[in-house]
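Enquirer: Build me a model:
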Amino acid sequence: MRKLTTRSDRACQKPIQKESKEMSRRGKRTQGMEKAHPFQGMSRVNPNAAGVDIGAVEIVACVPGEGNTQIVRAFGNYTVDLQALGRWLADYGVKTVAMESTGVYWIALFEELERQGFECLLISSRSLRRVAGRKSDISDAQWIQTLHSYGLLESSFRPQAELIALRTLLRHRAQLIEHRSPHIQHMQKALLQMNVHLSQAVSDITGVTGLKIIEAILAGERSPEKLAALREPGCKKSAEEIGQALTGTWREEHLFVLKQSLAMYTFYSEQIATCDEEIERVYGLTYPDRKDGEVAPLRERKRNSHSKNKPKNEESIRQHLKRISGVDLSVVDGFGVSLAQTVIMEVGTDMSKFPGEKHFCSWLGLAPKHEISGGKVLKNKTLKTKNRAGQAFRMAAQSVKQADCVFGVMYRRLRARLGPAQATVATAHAIARVVYRMLKYKVEYETISVEEYEQKYKAQQLKYMRKKAAKLGYQLTPA
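Expert: Purely as a prediction, here's the structure:
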């Protein structure tokens, strides 16, 4: 353990009293009126609770002392310090620990305390808001310990530990794809600055034909006819049309940018392929005692709806996902192997953490947040969120906009009334409810035809209209 600072040494030597002098001064100002403790009358839900405030260099922990006192101690962030912190918490009989942190500084301590048998809760900074001013690491640790002891804190969601490794690799793969995409734009810009309109000749400059032509240009080929002869048989445009687009100025500085951008694109593509191999290996180590489930062939998707960012071994991943979750989410309308993989790794397979579908959709950021005062709704908007699972459901809703399925019909009906933005969220909400039931009750996806859905919707509307007419004293009669 590193040497503690003077402020922390003083904190270690003397327990910090919960009752402050400021509270006694308030009592004098109220002319003898007794001020109640802010938590007076409340019972301690977690008497053996600790609070931890985690920083980049120092970790401040607070445990309950005798009476109404709290004991605060500072530790470093090295591994030996984390182990010493766990032993110190055990000496004071702590069973559950609430921690607040920014960035990723909490991960090492969270895993170490879990390994030592503590119940750990990661607390969002939004739930710890207090009166401005008088803020320090010690006061933050005390406040966290106090709130946690009275059961006023809720832990942030974290999926099963067995899925953490896969989730880390999938997030890393997504970052590799993000880092690769700017280099595609750099190649396209360099070509356009040389007046080479390869993006008009082929639909994708990083496809088979596009990469062949770029590599030939960098190798010194300048003849439009020879470059156009590299086209694949499946290209829509003829060799003559492609040749007309491949006549440029061939400036040296733009060729240099094109060469480096292609090298970076190739490097990231190789890293993504290596990451896919590691993901496949880790899949085999996740729940090895479960047997692989049989997956039905995917329905034929829209023509030319392929993506270069999707995993190459889709069928193998589908079998792993079916083995881990017990159901095949990739067959849900709007989903695919990639989105199913993202949802399972971000949400997990244990739906008992969500009491119901509404809680699940609220956590995803797909439900409106009602702000009510005096019985009046002040705000009724969906909050902005960076939830990756919620973004996956929004992508699924976007992919069914023109599809001939139930969710596609729902989206188009809602778009006419609410607009595209709210229709996307509402459709994503409907897909999320279906996925929740599949994961919770382990039932496979069974869709209904569009005609059956339209009949059910029509019957629902007739029932609503009859009820409203009866309320107004009228009766509906068929025309």
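Enquirer: partners of the nearest residue in space to residue 149 that is not next to it in sequence in the sheet?
Expert: Nearest non-adjacent residue to residue 149, counting by Cβ to Cβ, 6 or more residues apart in numbering: residue 49, 4.4 Å away. Using the backbone N, CA and C atoms, a C-beta is placed for each residue, glycine as well. With DSSP bridges as the criterion, residue 49 is bridged to residue 96.
Enquirer: Next: residue 72.
Expert: residue 62.
Enquirer: residues near it, how many?
Expert: Residues within reach of residue 72, counting by other Cβ atoms under 10 Å, total 24.
Enquirer: and if you look at residue 413?
Expert: 15.
Enquirer: Residue 396 should be in a strand, yeah?
Expert: No. Residue 396 sits outside any strand when classified using DSSP: H, G, I helix; E, B strand; the rest coil, being helix.
Enquirer: now it: how far from residue 168?
Expert: Per Cβ to Cβ, to the nearest Å, residue 396 is found 23 Å from residue 168.
Enquirer: And these two? Which one has more around it.
Expert: Comparing residue 396 with residue 168 by other Cβ under 10 Å, the one with more neighbours is residue 396, at 24 against 12.
Enquirer: okay, that one: pLDDT?
Expert: According to the prediction, residue 396 has pLDDT 95.
Enquirer: hang on, residue 53 is in a strand, isn't it?
Expert: Yes. Under three-state DSSP, residue 53 falls within a strand.
Enquirer: Run through the bridge partners of it.
Expert: Residues in beta-bridge contact with residue 53 (DSSP bridges): residue 60, residue 100.
Enquirer: give the contact list for it.
Expert: 59-60, 99-101, 137, 140-141, 144 (Cβ atoms under 8 Å, 6 or more residues apart in numbering).
Enquirer: Any of these buried? List them.
Expert: Among the contacts of residue 53, those scoring as buried are 59-60, 99-101, 137, 140-141, 144 (criterion: 16 or more other Cβ atoms under 10 Å).
Enquirer: Residue 82 - nearest residue in space that isn't next to it in sequence?
Expert: residue 112 (4.5 Å).
Enquirer: any idea where the helices of the stretch 201-350 of the chain begin and end?
Expert: When assigned using DSSP state H, counting those that start in this stretch, the helices of the stretch 201-350 of the chain occupy the ranges 208-218, 224-228, 239-245, 252-285, 314-325, 337-347.
Enquirer: what number of residues lie near the closest residue to residue 279 other than its chain neighbours?
Expert: Counting by Cβ to Cβ, 6+ apart, residue 279 lies nearest to residue 169, which is 5.0 Å off, once chain neighbours are set aside. Each residue near residue 169 was counted by other Cβ under 10 Å, and the total is 18.
Enquirer: Over to residue 464?
Expert: 10.
Enquirer: Also residue 362?
Expert: 17.
Enquirer: how close does it get to residue 462?
Expert: Using Cβ to Cβ, residue 362 is found at 31 Å from residue 462.
Enquirer: ok so, going back, can you redo the buried ones among the contacts of residue 53 as JSON lines with distance to residue 445 and pLDDT?
Expert: What follows is these, written out as JSON lines (distance: Cβ to Cβ, whole Å; pLDDT from 0 to 100):
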{"residue": "59", "distance to residue 445": "46", "pLDDT": "94"}
{"residue": "60", "distance to residue 445": "49", "pLDDT": "94"}
{"residue": "99", "distance to residue 445": "39", "pLDDT": "93"}
{"residue": "100", "distance to residue 445": "39", "pLDDT": "90"}
{"residue": "101", "distance to residue 445": "38", "pLDDT": "85"}
{"residue": "137", "distance to residue 445": "49", "pLDDT": "83"}
{"residue": "140", "distance to residue 445": "46", "pLDDT": "86"}
{"residue": "141", "distance to residue 445": "47", "pLDDT": "89"}
{"residue": "144", "distance to residue 445": "42", "pLDDT": "89"}
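Enquirer: between those residues, which is nearest residue 227?
Expert: Nearest to residue 227, judged by Cβ to Cβ, of those is residue 101 at 54.9 Å.
Enquirer: thought the closest one was touching residue 51?
Expert: No. If you go by Cβ atoms under 8 Å, residue 101 and residue 51 don't touch, sitting 12.0 Å apart.
Enquirer: For residue 209, give me its contacts.
Expert: Contact analysis of residue 209 by Cβ under 8 Å, 6+ apart lists 202, 230-232, 235.
Enquirer: Mind splitting this structure into its structural domains?
Expert: The chain breaks down into these domains under automatic domain parsing: 6-149, 163-285, 314-447.
Enquirer: end-to-end on the second one?
Expert: One end of domain 163-285 to the other measures 10 Å (Cα to Cα, to the nearest Å).
Enquirer: likewise stretch 212-228?
Expert: Per Cα to Cα, stretch 212-228 runs 10 Å from first to last residue.
Enquirer: Okay, buried residues for that stretch please.
Expert: 212-214, 216-217, 224, 227-228.
Enquirer: angle of the helix or strand the residue nearest to residue 279 falls within against helix 337-347?
Expert: Using DSSP states H and E, residue 169 maps to helix 164-193. Relative orientation of helix 164-193 and helix 337-347, computed by axes from the mean of the first three to the mean of the last three Cα atoms, to 10 degrees: 130 degrees.
Enquirer: packing partners for helix 164-193?
Expert: On a contact count with 3 or more Cβ pairs under 8 Å, 6 or more residues apart in numbering; DSSP states H and E, helix 164-193 meets helix 198-201, helix 252-285, helix 337-347.
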